[in-house]
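Asks: sequence first, predicted coordinates after that:
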Amino acid sequence: MPRITVEVESTIGSSIGRHGGPGAGTPDAPSRAGGWPVGEGRAEDTLDTEGRSVRTMVLMQEPARPGDEVSAWPVAVLHLSDGRHDLDEVVCVAEAEPFVDLVDTTDLGRWHAEPAAWAAALGRLSPGPAYRVTGCGSRREADRLVADAQHTYLQLTGCME
């Protein structure tokens with residue numbers, strides 16, 4: 001899985017946490033609001049089709065301050081809409097021991113991380129429009145979105161190898 005660097009803009013406590021199965025209730029349990037912190041930010045060195053950095057949400061072990069950089073890997077894409085605009089946001093997990101088994105959308109259900117949980121976290125993170133989750137794409141889709149955005153960034157900056 002390729003890692004990306006995410007510049008975190010804000011974090012919140014969430015209800016997203018492991019349930020059932022191996023690892024539930026282990027000492028790596030979250031310390032805030034009964035779930036792991038979720039960070040919102042942007043993937044560095046990327047440009048989407050509208051010329052902005054790719055938006056991200058990161059499930060992480062420790063909250064970060066705005067401007068902190070977190071190494072993470074994409075696991076899904078949230079398809080969002082505010083009724084007028086559509087937006088894709090890459091869901092990532094930070095490099096930390098509790099998350100090594102999170103690699104694709106099929107794994108998110110074990111972490112109470114269905115689209116409704118992400119929508120609730122997104123609503124608490126975003127000061128702007130109230131986006132709703134209209135779909136959730138796979139890790140393959142997330143990897144493609146990030147790769148295309150990195151390629152666009154490299155073309156624009158003239159840093160193609």
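Replies: Yep, that arrived. Numbering: from 1, shown residues only.
Asks: give the rounded mean pLDDT of stretch 76-90.
Replies: For stretch 76-90, mean pLDDT is 89.
Asks: ends of that stretch, how far apart?
Replies: The separation between the terminal residues of stretch 76-90, taken as Cα to Cα, to the nearest Å, is 6 Å.
Asks: chain center to that stretch: distance?
Replies: In this view, stretch 76-90 has its centroid 12 Å away from the chain centroid, taken as Cα atoms, centre = their mean, to the nearest Å.
Asks: for it, buried residues please.
Replies: With burial defined by 16 or more other Cβ atoms under 10 Å, the residues of stretch 76-90 counted as buried are 76, 77, 78, 79, 80, 87, 88, 89, 90. C-betas here are computed from N, CA, C, even on glycine.
Asks: from residue 62, how far off is the closest residue to residue 137 other than its chain neighbours?
Replies: In this structure, residue 137 finds its nearest non-sequential neighbour in residue 77, 3.8 Å apart by Cβ to Cβ, 6 or more residues apart in numbering. Going from residue 77 to residue 62 by Cβ to Cβ, to the nearest Å gives 25 Å.
Asks: run through who's touching the helix ranked longest in the chain.
Replies: If you go by DSSP state H, the chain has its longest helix at helix 139-157. Helix 139-157 is contacted from outside by 1-2, 4, 43, 45-49, 53-54, 74-77, 88, 90-92, 103-105, 160, using Cβ atoms under 8 Å, 6 or more residues apart in numbering.
Asks: what comes up buried for stretch 97-116?
Replies: Neighbour counts using 16+ other Cβ under 10 Å place 98, 99, 102, 105, 107, 108, 110, 111, 112, 113, 115 of stretch 97-116 among the buried residues.
Asks: beta partners of the residue nearest to the last one when sequence neighbours are not counted?
Replies: Yep, that's residue 115 we're talking about. Of all residues not flanking residue 115 in the chain, residue 133 sits nearest, at 4.2 Å (Cβ to Cβ, 6+ apart). Residue 133 forms beta bridges with residue 80, as assigned by DSSP bridges.
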